[in-house]
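Asks: attaching a predicted model along with its sequence, questions to come.
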Amino acid sequence: MPMRHRLSFRIAAFVLALGFVPAGAFEYRQIDDWAVSCDNAYVCTISLNPPSPQDGNADLAAIQWHRSADPSAPLTLSLPFPPGFFQKGDSKGAFRISIDGIEAYSVGIADLAKDEAVGTFGVADPAALAVLFAKMTAGKSATIAYSGGLGDFSSTITLAGLSDGARFVDDLQGRKGRTDALVEKGDAAPPESVSVWSIDSYKQLPPSILRNLSDENSVCYTDEAHLDQADAFGFNAGASTIMLLPCGPSGAYNQPYQLYVGKDQEFHRAEFPNVSEAGITVLDTVYNVNFDLDNRKLSSVYLGRGLGDCGLAHYWSLDEQATGNPLVLTHERAKSACDGKDVGAANWPVTWQSTLGRHGDAADKVKKADDAGNASEAK
């Protein structure tokens with residue numbers, strides 16, 4: 001199973017532990033018993049969260065569905081290791097999944113890919129999984145059962161919320177009304193490609209970037225394992241391509257990022273527009289980035305502490321006609337008092353806002369939308 005799936009699992013756990021959604025690096029929704037998390041490249045995971053079965057063994061309840069934003073991308077499934085598998089293993093065991101009491105899918109462990117780092121099996125069987133998912137979204141409960149040398153275990157889980165979770169993924173990935181939607185398919189054909197992609201290995205980077213990222217003497221040295229887990233992504237911004245990559249390891253709740261801009265194989269390190277007491281300036285590094293593909297916007301949030309009640313947030317729009325750095329600063333938010341109030345960057349005061357042209361208009365619309373949302377939540 002690709003390590004990208006691990007990221008979505010950690011995101012869900014992180015969000016639940018903090019009790020709020022940090023402003024950066026992903027989209028998250030809790031829908032009934034199912035959690036949906038999507039990274040900056042719009043790779044989405046739908047997890048039973050928390051994995052509390054109606055009856056049976058809780059270990060087997062922790063299943064996850066995965067789908068990337070690529071046109072007609074297949075669904076993949078993660079199944080948890082059965083109890084005792086870490087210690088003893090079992091090459092002859094098998095899984096069965098039943099929907100509302102009727103068996104819908106079965107597979108032998110020998111045919112699955114093991115990921116021992118997180119204790120899951122990866123299932124890649126596109127046609128069969130598409131049928132299984134459709135049955136699950138239409139059903140009320142599912143039973144995940146294992147039988148083999150370790151014993152017989154099963155877990156029955158509720159399916160309420162899975163269909164709405166799939167609908168959320170379709171909307172976020174732009175599949176609504178398309179032939180490749182998970183639910184409510186339409187007649188529209190998917191595009192030939194998408195403009196955003198995950199970066200999770202050195203081989204995806206041109207030499208002009210790799211020599212900085214992989215140099216152990218570089219300030220932003222990032223080993224390949226961390227690159228795989230850091231929600232790095234590339235985006236075709238029209239006149240140029242941007243890549244947002246980790247700048248070294250993460251702290252307790254802040255992951256630093258660097259920006260590269262270029263075309264084909266030639267990229268250069270770029271800066272993030274910023275406002276300081278001295279005036280307009282730039283930053284070499286920002287934290288906890290979040291990419292809005294539909295609106296062509298990028299944001300970052302430096303958290304003063306994990307609660308998310310203080311820090312500094314930047315918001316940029318992308319000028320796709322720019323041949324150099326396409327980021328245009330629209331506004332900033334900041335809050336210095338870590339007082340347990342105003343959790344989330346959208347609730348912090350606006351400390352600077354562009355008044356220039358469409359970027360000023362965009363910043364004003366964002367501020368008004370945030371203010372309206374905050375007022376609605378306060379009622």
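Replies: Now that the structure is in, tell me what you want to look at. Residues are numbered from 1 along each chain as shown.

Asks: which residues touch S201?
Replies: Contacts for S201 (CB atoms under 8 Å, 6 or more residues apart in numbering) come out as 224, 227-228. Any C-beta I mention is one placed from the backbone N, CA and C, and that applies to glycine too.

Asks: ok, A181 next?
Replies: Counted by CB under 8 Å, 6+ apart, A181 has contacts 170, 175.

Asks: so it, which of the three states?
Replies: Following DSSP: H, G, I helix; E, B strand; the rest coil, A181 is assigned to coil.

Asks: just F86 next, same as before
Replies: Of the three states, F86 takes helix according to three-state DSSP.

Asks: what's near enough to touch it?
Replies: 116, 119.

Asks: show the pLDDT at it.
Replies: Per-residue pLDDT puts F86 at 82.

Asks: still on that earlier bit, list just the nearest of the contacts of S201 to A110.
Replies: For those, the residue nearest A110 by CB to CB is D228; the value is 26.5 Å.

Asks: wasn't that closest one part of a helix?
Replies: Yes. Per three-state DSSP, D228 lies within a helix segment.

Asks: can I assume it is in contact with D200?
Replies: Yes. When contacts are counted by CB atoms under 8 Å, D228 is listed as touching D200 (4.2 Å).

Asks: got the CA coordinates for stretch 287-302 in PDB?
Replies: What follows is stretch 287-302, C-alpha atoms only, in PDB (Å, rounded to 0.1, in the frame of the first residue of the first chain):
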ATOM      1  CA  TYR A 287       4.300  26.200   7.300                       C
ATOM      2  CA  ASN A 288       1.300  23.900   7.000                       C
ATOM      3  CA  VAL A 289       0.300  24.700   3.400                       C
ATOM      4  CA  ASN A 290      -3.200  24.200   2.000                       C
ATOM      5  CA  PHE A 291      -4.000  24.200  -1.700                       C
ATOM      6  CA  ASP A 292      -7.400  25.100  -3.000                       C
ATOM      7  CA  LEU A 293      -7.400  23.700  -6.600                       C
ATOM      8  CA  ASP A 294     -10.900  25.100  -7.600                       C
ATOM      9  CA  ASN A 295     -10.100  28.700  -6.600                       C
ATOM     10  CA  ARG A 296      -6.400  28.600  -7.400                       C
ATOM     11  CA  LYS A 297      -5.400  29.700  -3.900                       C
ATOM     12  CA  LEU A 298      -2.600  28.700  -1.500                       C
ATOM     13  CA  SER A 299      -2.500  29.400   2.200                       C
ATOM     14  CA  SER A 300      -0.200  28.600   5.100                       C
ATOM     15  CA  VAL A 301      -0.600  28.700   8.800                       C
ATOM     16  CA  TYR A 302       2.100  28.900  11.400                       C
END
